[in-house]
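Student: Have a look at this prediction, sequence included:
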Amino acid sequence: MVMSEENKKKFLDAYDAYSDALYRHAYFKVFDKGKAEEFTQEAFMKTWEYCASRNIVLKNLRAFLYRVLDNLIIDEFRKKKSVSLDLLIEEGYEPAVEGDNTVDTIAIDKMRSVLLSIDSKYRNLLIMRFVDDLSIPEIAEILEERENTIAVRVHRAIKKLHEAYKASIKEKK
Amino acid sequence: MDIESLFKNTARKISLSSEKKQKMRDSINAFIQTTPMKEEGLSHFTNKNNRIWSIRFSQKTFVERFILQPMPIILVLSLLFGTGTLASVSAEKALPGDVLYPVKIGVNENVKSLFAVSNESEAKLKASFAETRLKEAEILASEGRLNNETRKTIETRFTSQSEEVKHRLNVLKNQENGKASALSISSDFEASLRAHANVLSAISVKNDDTQENLSPIVNATNAQASIVGEVKTNTETEIIDSKSSAMLLKVAEQKKQEAENKIQELIEAIKKRQNPNIDVLNNGNIEIKLNLAQELVKQGQGYFDKRMYGRALVLFQESLSTVQKALIELTGIKEEKVPIIPNPGIITSSTPSEEEKNPSEISNDEASARAKYKEAISTVEQIRFYISVSMRPIAFDAEEIRLQLADKLIAQGKAYLDIKAYGKAIQSFIEAIDTAKGISKSMSNAGYSDPGSGGSQEIDKIDPSFIEKPELPKKPMPPQKIF
């Protein structure tokens, strides 16, 4: 009994600590607040279910949660294949305005269009680095690559970011 | 500021509101309390040594598996709140006045709300609660158990739950990507409300003692239906004006599929209809609605092929709503627990009891029914005139069918009026007016209201106020460049 109580508490602590970050991560992948909320909740639920039914205590709960979250997002993408990203960029959308600061909304929209114009591999790295605030070693661990490899890739990704950003400014003119 | 910091700072602005965060925490907590870890043989894993990454869980989401199916959620509830499992299960079917009804409202429905985190799922859930209230009223009324007290319980809850739906929908439609689901939910809800209002009125014809208690509920239902209808119309207009055709394409396709499936369902249901006692007056309407729905899909397809996905979506949605209404009416009539035969003997016997009632009440019903009758006739006549005067549009069949439906509904209402079934008469007239307004709205959406070149002179003479043009919202200013 004591064991599970401890686990439950640890899990809830993990929720308190990671839910915002996970939500943010999901948002920058799907750009949909409602979906991001659902995915976040789903990620926690499924993780708990997995552990509970198999009697597992995860050493790296955080990484597992991200993994589950990413898988959920990928599944969703697969279901909705035909809404291609090109069209998303082209068409634009109405940013969420829930009594929000207009400057924020514009900034977020900018980020969104810039991100979407970058290759998904680099985009993911940028999200991990700047949205999730992960360090290079951490990213390397998650992706199971050598630190060096990741460092180089991230550097390239940042370059792409600069390019895309400059390009977007030119377009608007 | 360099781009990286800009990026980071902007990213930080996205986070869960404390309200949502707490709500999610509560539902997760509820979940983990009721699915405890097994005791024996705890093992430890690190992510590196394990192939768990490749394991996919079941495809259905948690919400689909637990909330939408009654049994598992009952078990969760009973473990959570310590109410006996049996009590919670029985509570699901409770009606106002039953001992377990408070459990159904206070416990079951509350826990279901707990798990609905997104705006969309909350709106859907609250809508289903509101509809359950109406079903409760239907059952009570047909069993003759609808009294003043139970009626009040149902009415207050129904109204507040419907208000919540409206609120959620307004938030949802302003949310990014929320418009399509806001349209879907508001259309479904409106269709369901109108149909339930029809069913309730039908019951009040058969069961005269409950009429007094039913009419406030019917009024409330109609009122809420109009309110939701407004939300739906606003959403429609916003969708038609919106520019994101990529998403609209996909959603319009899905909606068309849904509409076609439902149409099939209706066709099957009509075939299977074995109840010989179905109110004859209703027969033709269901077929006309089917016809209309099919025509609307055709019309929608036309817009779709012209890449006008917004309009296509709106038409598919309308087709779907029409079919849903017809289906509810079809099954609502079947499931009535009182003998359905419209034996003239039974109905005229209601007349003496009417005299026992307060005379001013009788004439109120009759007066309002007749007033509605006049309103319906004049609205339809105006629309008919307007159609005859405007330029002949390309895809007109749907409008003609609607006009046909409106005429039939007025005839139906008149028949009810003659047999003094005032509640049902009013319902029919309301539906006729709605249908007629639908014609003018869809015509103005399609741009037919513009006289254009060579338009007839008479158009200028038509009082524009009766033509319901959707108020086009001001387009939002494009975002200013700040960077």
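Tutor: It's in. Remember, predicted model here, so these are calculated numbers, not experimental data.

Student: which residues of chain A fall in strands?
Tutor: Secondary structure of chain A (DSSP state E): strands located at A:56-58.

Student: ranges for the helices of it?
Tutor: A:2-30, A:33-54, A:61-79, A:85-91, A:102-116, A:120-126, A:136-143, A:147-172 (DSSP state H).

Student: What of the stretch 151-300 of chain B?
Tutor: B:179-206, B:211-241, B:245-272, B:280-305 (DSSP state H, counting those that start in this stretch).

Student: buried ones in the first one?
Tutor: Of the residues in helix B:179-206, those scored as buried under the neighbour-count criterion (16 or more other Cβ atoms under 10 Å in any protein chain shown) are B:179-206. C-beta here means a position set from N, CA and C on the backbone, and glycine is covered the same way.

Student: Against which helices or strands is it packed?
Tutor: In terms of contacts (3 or more Cβ pairs under 8 Å, 6 or more residues apart in numbering or on different chains; DSSP states H and E), helix B:179-206 is packed against helix B:119-142, helix B:148-174, helix B:211-241, helix B:245-272, helix B:309-334, helix B:422-445.

Student: and if you look at the third one?
Tutor: On a contact count with 3+ Cβ pairs under 8 Å, 6+ apart, helix B:245-272 meets helix A:85-91, helix B:179-206, helix B:280-305, helix B:309-334.

Student: Now do that helix against helix B:179-206, angle only.
Tutor: 20 degrees (axes from the mean of the first three to the mean of the last three Cα atoms, to 10 degrees).

Student: List the buried residues for helix B:245-272?
Tutor: Neighbour count says helix B:245-272 has B:245-253, B:255-256, B:258-260, B:262-263, B:266, B:269 buried, by 16+ other Cβ under 10 Å.

Student: average pLDDT for that helix?
Tutor: What helix B:245-272 shows for mean pLDDT is 83.

Student: Now do it and helix B:309-334, the angle between them.
Tutor: Using the same axes, to 10 degrees: helix B:245-272 against helix B:309-334 is 20 degrees.

Student: repeat for the second one
Tutor: Helix B:211-241 and helix B:309-334 are oriented at 160 degrees to each other (the same axes, to 10 degrees).

Student: ok so, going back, indicate which one of the helices of chain A is closest to chain B.
Tutor: For the helices of chain A, the distance to chain B is smallest for helix A:85-91, at 3.3 Å, taking Cβ to the nearest Cβ.

Student: Skip the chain neighbours and tell me the closest residue to the residue nearest the centre of chain A.
Tutor: Centre of chain A computed as the mean C-alpha position; nearest residue by Cα atoms, centre = their mean is A:H25, 2.4 Å away. Using Cβ to Cβ, 6 or more residues apart in numbering or on different chains and skipping the chain neighbours, the partner closest in space to A:H25 is A:D132 (5.5 Å).

Student: The one you found and A:L69: what is the separation?
Tutor: 11 Å (Cβ to Cβ, to the nearest Å).

Student: Tell me the residues that contact both of these two, please.
Tutor: A:H25 (Cβ atoms under 8 Å, 6 or more residues apart in numbering or on different chains).

Student: the more surrounded of these two?
Tutor: A:L69 (24 against 18; other Cβ atoms under 10 Å in any protein chain shown).

Student: what residues are up against that one?
Tutor: Contact partners of A:L69, counting by Cβ under 8 Å, 6+ apart, are A:22, A:25-26, A:39-40, A:43.

Student: Just put the helices of the stretch 151-300 of chain B in JSON lines and tack on distance to A:R153.
Tutor: Shown next, in JSON lines, are the helices of the stretch 151-300 of chain B (distance: least, Cβ to Cβ, whole Å):
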{"stretch": "helix B:179-206", "distance to A:R153": "37"}
{"stretch": "helix B:211-241", "distance to A:R153": "41"}
{"stretch": "helix B:245-272", "distance to A:R153": "30"}
{"stretch": "helix B:280-305", "distance to A:R153": "43"}
